[in-house]
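Peer 1: Pasting the sequence and the predicted coordinates here, then a few questions.
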Amino acid sequence: MTPDATMDKLRAIEYFVKVVGTGSFSAAARQLDVSPPAVTKMVAALERELQTVLLRREHRRVLLTADGDRYLKTCTRMLAELRETEQSMADGRTKARGRLVVGISRTVALNCLLPRLEEFRRNQPELELEFRSVNYAYEPTASVCDVLLVVGWQEASDWVAHQIARGRHSVVAAPSFWQRHGRPTDPSELVGLTVFAHRVPRGVVLDRWKFSRGEEKREVDVKPAVVFDDRDSQAFAATSGEGIIFANDITLLPWLFQARLEQVLVEWIGHEAPPISLMYRRGGRSSAAVRAFGDFATAVFADLTQQRLAFGPPDTSAMPDWFRTHYVGRLGERRMQI
């Protein structure tokens, strides 16, 4: 496709999206400052190239066909990303100013981001930060945030998720616990130990722990003695020396490096550890403030990813079946994480 043909197709896509947005060819033409026949011609050419009908005219209304609806969603995302990139290029040297509201998971804030906050403040002295506690993108608090930094798998919504880090589930406890009970060499040896488990939304308790070592696989059903719905409370409880936990090691690094917790079964990869993601509103990454925070968070987790390699390779498994069963599609367009 020649450059001119590419530009014509982009223009045709823009015209198509505008027709849908305004509800008519004439209204789209007025907003685009072109003639109605020009809009009609470009959309017709687009339909010929795609060999399908995108729009139907009925009683002075323009209706999307099934193909048109599918194509519109793709085109809307593409145009938003193009505008975001163009805006980013245009104001790339703009200093971040004003106020940025960040929604962040508590465990990510305490264990990953806040220890390096002063570094960000030095580099962005004119930016006022406001942190809001957010675990899920569908929470009411998330609606007032400019950007989210959360743990979990994502579903489609009006937020765009960019995965920036992945850890793995590790079995950890206080060193005193392992001194009393011995350090296991196989996941099967975890059966019978005191377990502090985690409960995710909708009441799912994570009591089936999955591991792999090369081609070997293990699944261990544990019997929780105590259940927590807060990851930091769970980790703090483990420092008492009274039980073990199965948690995402990238959020446990401060506890591990301070030797308050000790990992075992290092050669076994614990599965179903959710990723860390930055989430932007569609078209919302163009502001200098959002870009600055996104770059900072990405750099922080790049460093943490390197540090956590001392505790073994990360988990690369896909979204677990239990999550698909209990969450995906259950909440409409709301995004769920754990």
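Peer 2: Okay, I see it.
Peer 1: in the strand or helix carrying residue 81, what's buried?
Peer 2: Using DSSP states H and E, residue 81 sits within helix 66-90. For helix 66-90, burial by neighbour count (16 or more other CB atoms under 10 Å) applies to 68, 71-72, 75-76, 79-80, 84, 87. The way it works is simple: take the backbone N, C-alpha and C, and place the C-beta from them, glycine included.
Peer 1: cool, and stretch 234-252?
Peer 2: For stretch 234-252, by 16+ other CB under 10 Å, it's 234-235, 237-239, 242-252.
Peer 1: okay, who's weakest in the buried residues of helix 66-90 by pLDDT?
Peer 2: Lowest pLDDT within these is found at residue 87 (71).
Peer 1: low-scoring pLDDT stretches of this structure, where are they?
Peer 2: For the chain, the stretches with pLDDT under 70 are 1-4, 88-95, 154-157, 201-202, 283-286, 315-338.
Peer 1: Break it down into its domains, please.
Peer 2: As given by automatic domain parsing, the domain ranges for the chain are 3-90, 98-167+274-326, 169-270.
Peer 1: burial measure for residue 34, as a count.
Peer 2: 15 (other CB atoms under 10 Å).
Peer 1: Just confirm it is within a helix.
Peer 2: No. Judged by DSSP: H, G, I helix; E, B strand; the rest coil, residue 34 forms no part of a helix; its state is coil.
Peer 1: separation between it and residue 9?
Peer 2: 16 Å (CB to CB, to the nearest Å).
Peer 1: try residue 220
Peer 2: 55 Å.
Peer 1: Name the residue in those two with the higher neighbour count.
Peer 2: residue 220 (18 against 15).
Peer 1: Is that one bridged to anything, and to what?
Peer 2: residue 209 (DSSP bridges).
Peer 1: Just confirm it contacts residue 189, I think it does.
Peer 2: No. The pair residue 220 / residue 189 is not scored as a contact, 9.1 Å apart, by CB atoms under 8 Å.
Peer 1: so where do the helices sit in this structure?
Peer 2: Assigned by DSSP state H, the helices in the chain fall at 3-22, 25-32, 36-50, 66-90, 106-108, 117-123, 175-181, 231-238, 253-257, 288-308, 321-326.
Peer 1: And these: which comes nearest residue 264?
Peer 2: helix 175-181 (6.5 Å; CB to CB).
Peer 1: In terms of secondary structure, what does the closest one contact?
Peer 2: strand 262-264 (3 or more CB pairs under 8 Å, 6 or more residues apart in numbering; DSSP states H and E).
Peer 1: rewinding a little: for the buried residues of stretch 234-252, which one is nearest residue 153?
Peer 2: Looking across the buried residues of stretch 234-252 and measuring by CB to CB, the closest to residue 153 is residue 248, at 12.6 Å.
Peer 1: For that closest one, which residues are in contact?
Peer 2: For residue 248, the contact set (CB atoms under 8 Å, 6 or more residues apart in numbering) comprises 151, 167-170, 231, 273-274.
Peer 1: Quick one: residues in contact with stretch 55-64.
Peer 2: 16, 19-20, 23-25, 43, 47, 54, 65, 68, 72.
Peer 1: next one: stretch 257-265
Peer 2: In contact with stretch 257-265 (CB under 8 Å, 6+ apart) are residues 170-175, 178, 183-187, 211, 235, 238-239, 249, 252, 255-256, 307, 311.
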